[in-house]
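**Q** the following comprises the amino acid sequence and a computationally predicted model.
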2 protein chains.
Amino acid sequence: MTDRKSIVLASRPQGQPSTDNFRLEIDSVPSPKDGQFLVRVIWLSLDPYMRGRMDDAKSYAKPVEVGAVMDGGCVGEVTESHHPDFPKGSIVTGQFGWTSHAVSNGEGVRIVDPDVAPISTALGVLGMPGITAWVGLNDIMEAKAGETVVISAATGAVGGLAGQLAKAKGCRVIGVAGGPEKCDFAVTELGYDACLDHKAHDAKGLSEALKDVAPDGVDGYFENVGGKTLEAVLSRMNVGGRIAVCGMIAWYSGQGVDEAQPLPAVWRNILTRRLTAKGFIIFDHFDRFPAFIAEVAPMVSDGRLAFKESVAKGLEAAPEAFLNMLKGGNFGKQLVRVGDDP
Amino acid sequence: MTDRKSIVLASRPQGQPSTDNFRLEIDSVPSPKDGQFLVRVIWLSLDPYMRGRMDDAKSYAKPVEVGAVMDGGCVGEVTESHHPDFPKGSIVTGQFGWTSHAVSNGEGVRIVDPDVAPISTALGVLGMPGITAWVGLNDIMEAKAGETVVISAATGAVGGLAGQLAKAKGCRVIGVAGGPEKCDFAVTELGYDACLDHKAHDAKGLSEALKDVAPDGVDGYFENVGGKTLEAVLSRMNVGGRIAVCGMIAWYSGQGVDEAQPLPAVWRNILTRRLTAKGFIIFDHFDRFPAFIAEVAPMVSDGRLAFKESVAKGLEAAPEAFLNMLKGGNFGKQLVRVGDDP
């Protein structure tokens, strides 16, 4: 009988999290009862939202309890089934957590067709990050052809797709990313018109650089980061501009908060430029999944959309990979290979 | 021949403005040429947006030049006319400025019907503040029956109408105003369900008080002030709440900026509660004027809407009255009586 490995939340972080906040636990693989099935996890997705779950703060989802398995989306293989809709051998995706094996009753679980695209894309371009990019751009920002849009975390799981979808729509698309390698990738592989390296500038410098590449101002901003990027983009927003507030990773662990632009300056911008800042959480928009898949799956299948994955090897590597991602050290969608392909 | 009196911008304020920033100038009443008419000003409106015009900062309207007459909306009588659409004896409203007499070619000028309501209402409940309240509530906040909405500057020219319109719509309406007298007026005369005195609380206390009177949370916030009121209301917003950002008078002269809530906390609220914060400037929405008048004028005529005016006597009193209004010292729509009724 195989062991089950899981990563649990060992303690809540004070500010910046560390590997001490996680603990590997080993028990035996559970057995599915009637109406249940067993999933052997192949891929685990690491996403910025998980940082929020580590805190005991009121947010849009319940915090992970100390001692509980970390929450996370996975792709896996059904290895034993007592559920008619999820037969043995199916590839499935669901919130199985940071673990090697999970028992499920099928709630929130979806079958993945391995013929459409590599199964890992169910966690990226054809999964939660993908629909986040698509909803943010279309439903929240309402980007239109001919407009200039800025995408922060431009090569990330969400940003990388948002940028390509905006380009396909006929927008002028400016990325902001960390480091020359990511910026180069954004332009050459993802088709951004330009990409600014936030590590090379302070807020003022970033604003100046943005003026050069967005001479007509910015109509839409896909906000993933907060921090100086937000400050710089706000200074270039056109009257009537829209900000889709999807994340603020720069501030997730409390760093950079003291240097943040004061609220009154931002509020004044919202007023005088008649901006709309609209927060969204993708869990509210899962009814858009069929429309998203109908549009984006063919673009992935026929190679029109590029996607990049950053793979950590083995469940034990998840905490390090997660911490690295929070600092922007990943390049593309961050995955953990937990088990072999079927 | 009569003299013309005008108040000009003598100098730009550093922070809080003072009477030294204004100067009375006297010249002779100008003569209208062909296609023009002369207006004898009866009422001048004082509005918070004028504070912004005193600064040399990029905003939605050009600053008033130093030495130029202060910008402002007026109601007056046409005393001499070479324009067929504005015959002698007409009552008109337009941006004639802080002055006793003005020559106009009719651009941006509208005839006022004195039979509908007192002519001063063309500067208040049936004028710019009125349409601001109506557009903010209906088009920007999209308030719906059964929702809880909060109106700051609850007894002001804009807030006083917004509160009554929200009540007429079937909302639960909470006001925030400065001092027990205004709060009492809001409840007894304007029909607010409750009104909180921001002078009696810090941000935390205001948040607690709001919890008591808005036990189901806040769905819409009509933002006129910024400062601790914004902070308190943000802490009570429901998921999917909308903020109509109309003004931020608490911060117009730079005061209170240092104590403002940090941006990251606000941005986090926008994200996790999926709020929409939407700035608007009424000049963008003047196409809604006919619809506004059609709905609101009958409510004023038949006394369904209460409105309160605060009148300063004589053009020379305008600077003091304006400075007083910026500190919240007015009670209701602030007007200056510049000339006698016809």
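**A** Great, that's in hand.

**Q** surely residue A:237 meets residue A:223?
**A** No - counting by Cβ atoms under 8 Å, residue A:237 does not reach residue A:223; the two are 11.3 Å apart. All C-beta spots, glycine's among them, are computed from the backbone N, C-alpha and C.

**Q** neighbour-wise, which of the two wins?
**A** residue A:223 (27 against 23; other Cβ atoms under 10 Å in any protein chain shown).

**Q** list residues touching both of residue A:237 and residue A:223?
**A** Shared contacts of residue A:237 and residue A:223 (Cβ atoms under 8 Å, 6 or more residues apart in numbering or on different chains): residue A:243.

**Q** interface residues of the stretch 101-250 of chain A facing chain B?
**A** A:226, A:230, A:239, A:245-248 (Cβ under 8 Å from any Cβ of the partner chain).

**Q** quick check, nearest of these to residue B:308?
**A** Nearest to residue B:308, judged by Cβ to Cβ, of these is residue A:239 at 33.1 Å.

**Q** mind putting the residues of the stretch 101-250 of chain A next to chain B in JSON lines, secondary structure included?
**A** Listed next are those as JSON lines, based on DSSP: H, G, I helix; E, B strand; the rest coil:
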{"residue": "A:226", "secondary structure": "coil"}
{"residue": "A:230", "secondary structure": "helix"}
{"residue": "A:239", "secondary structure": "strand"}
{"residue": "A:245", "secondary structure": "strand"}
{"residue": "A:246", "secondary structure": "coil"}
{"residue": "A:247", "secondary structure": "coil"}
{"residue": "A:248", "secondary structure": "coil"}
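
**Q** among those, which pair sits farthest apart?
**A** Within these, A:239 and A:247 form the most distant pair, 25.3 Å apart (Cβ to Cβ).

**Q** these two: which is more packed in?
**A** Between residue A:239 and residue A:247, counted using other Cβ under 10 Å, residue A:247 has the larger neighbour count: 28 against 14.

**Q** could you pull out the strands for the stretch 1-150 of chain A?
**A** Using DSSP state E, counting those that start in this stretch, the strands of the stretch 1-150 of chain A run over A:3-9, A:22-28, A:37-45, A:74-81, A:91-94, A:101-104, A:110-111, A:148-152.

**Q** break chain A down into its domains, please.
**A** Listed by automatic domain parsing, the domain ranges of chain A are A:3-124+A:308-337, A:128-282.

**Q** most packed of those domains?
**A** Of the domains of chain A, the one with the most neighbours on average (mean count of other Cβ atoms under 10 Å in any protein chain shown) is domain A:128-282, at a mean of 22.

**Q** got the end-to-end distance for that domain?
**A** 8 Å (Cα to Cα, to the nearest Å).

**Q** distance from that domain to the middle of the chain?
**A** Distance, stretch centre to chain centre, for domain A:128-282: 15 Å (Cα atoms, centre = their mean, to the nearest Å).

**Q** before we move on, the earlier item: make a markdown table from the residues of the stretch 101-250 of chain A next to chain B and add pLDDT to it.
**A** Output for those, formatted as a markdown table (pLDDT from 0 to 100):
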| residue | pLDDT |
| --- | --- |
| A:226 | 94 |
| A:230 | 96 |
| A:239 | 96 |
| A:245 | 97 |
| A:246 | 96 |
| A:247 | 93 |
| A:248 | 90 |
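
**Q** what's in contact with whichever strand or helix holds residue A:297?
**A** Assigned by DSSP states H and E, residue A:297 falls within helix A:289-301. Helix A:289-301 is contacted by residues A:116-117, A:121, A:125-126, A:130-131, A:134-135, A:161, A:165, A:168, A:305, A:307 when judged by Cβ under 8 Å, 6+ apart.

**Q** turn the domains of chain A into JSON lines, including distance to residue B:197.
**A** Listed next are the domains of chain A as JSON lines, based on distance: least, Cβ to Cβ, whole Å:
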{"stretch": "domain A:3-124+A:308-337", "distance to residue B:197": "27"}
{"stretch": "domain A:128-282", "distance to residue B:197": "23"}
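
**Q** out of these, which gets nearest to residue B:80?
**A** The nearest among these, by Cβ to Cβ, is domain A:128-282 at 38.3 Å.

**Q** in stretch A:293-302, what counts as buried?
**A** A:293, A:296-297, A:299-300 (16 or more other Cβ atoms under 10 Å in any protein chain shown).

**Q** show the pLDDT at the closest residue to residue A:172 other than its chain neighbours.
**A** Sequence neighbours aside, residue A:148 is the residue nearest to residue A:172 in space, at 4.4 Å (criterion: Cβ to Cβ, 6 or more residues apart in numbering or on different chains). On pLDDT, residue A:148 comes in at 98.
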